[in-house]
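A.B. asks: here's my sequence, what's the structure:
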Amino acid sequence: MDIKEIENKIVDFANKRAKSKNFELTPELSYIHLTEEVGEVARQLSNKKIRPELFDEENLKEEITDVILEATILANLCKVDLDKEINKKIEELFKRYKFN
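C.D. replies: Below you'll find the predicted structure:
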């Protein structure tokens with residue numbers, strides 16, 4: 001699946017979820033969900049060092065994926081062309097660090 005296909009699929013899901021729960025999907029709400037997911041990644045990473053008995057590698061993978069999906073929803077709501085902007089950013093990074 002390419003970036004646009006992933007975006008279309010997750011945005012379709014997010015819109016259906018919002019409709020089924022009777023709320024409007026907004027950039028602000030999406031950002032709140034994104035920060036919640038980032039917090040869940042942080043919890044797993046801190047568990048790995050501080051409370052290894054609570055660390056769950058599979059959950060960490062799931063939470064990182066949730067971050068990517070929520071960021072994708074937010075990008076869509078803010079009219080960001082992810083394919084274009086990701087490629088542009090990667091090119092800029094390679095140029096900045098002279099890795100071309």
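
A.B. asks: what about stretch 92-100, average pLDDT?
C.D. replies: Here stretch 92-100 scores 94 as its mean pLDDT.

A.B. asks: measure it end to end?
C.D. replies: For stretch 92-100, the first-to-last residue distance is 10 Å (Cα to Cα, to the nearest Å).

A.B. asks: just the pLDDT for the residue nearest to the spatial centre of the chain.
C.D. replies: Taking Cα atoms, centre = their mean as the criterion, Ile68 is the residue nearest the geometric centre of the chain, at 2.2 Å. Per-residue pLDDT puts Ile68 at 98.

A.B. asks: assign it to helix, strand or coil.
C.D. replies: Reducing the assignment at Ile68 to three states with DSSP: H, G, I helix; E, B strand; the rest coil gives helix.

A.B. asks: ok, it to Lys19 distance?
C.D. replies: From Ile68 across to Lys19, the span is 23 Å (Cβ to Cβ, to the nearest Å). Backbone N, C-alpha and C define where each C-beta goes, glycine included.

A.B. asks: over to Leu69?
C.D. replies: 18 Å.

A.B. asks: between those two, who's got more neighbours?
C.D. replies: Leu69 (20 against 11; other Cβ atoms under 10 Å).

A.B. asks: what residues does that one make contact with?
C.D. replies: Ile6, Ile10 (Cβ atoms under 8 Å, 6 or more residues apart in numbering).

A.B. asks: in the longest helix seen in the chain, what's buried?
C.D. replies: Determined from DSSP state H, the single longest helix within the chain is helix 27-50. For helix 27-50, burial by neighbour count (16 or more other Cβ atoms under 10 Å) applies to Leu29, Ser30, Tyr31, His33, Leu34, Glu37, Val38, Glu40, Val41, Arg43, Gln44, Asn47.
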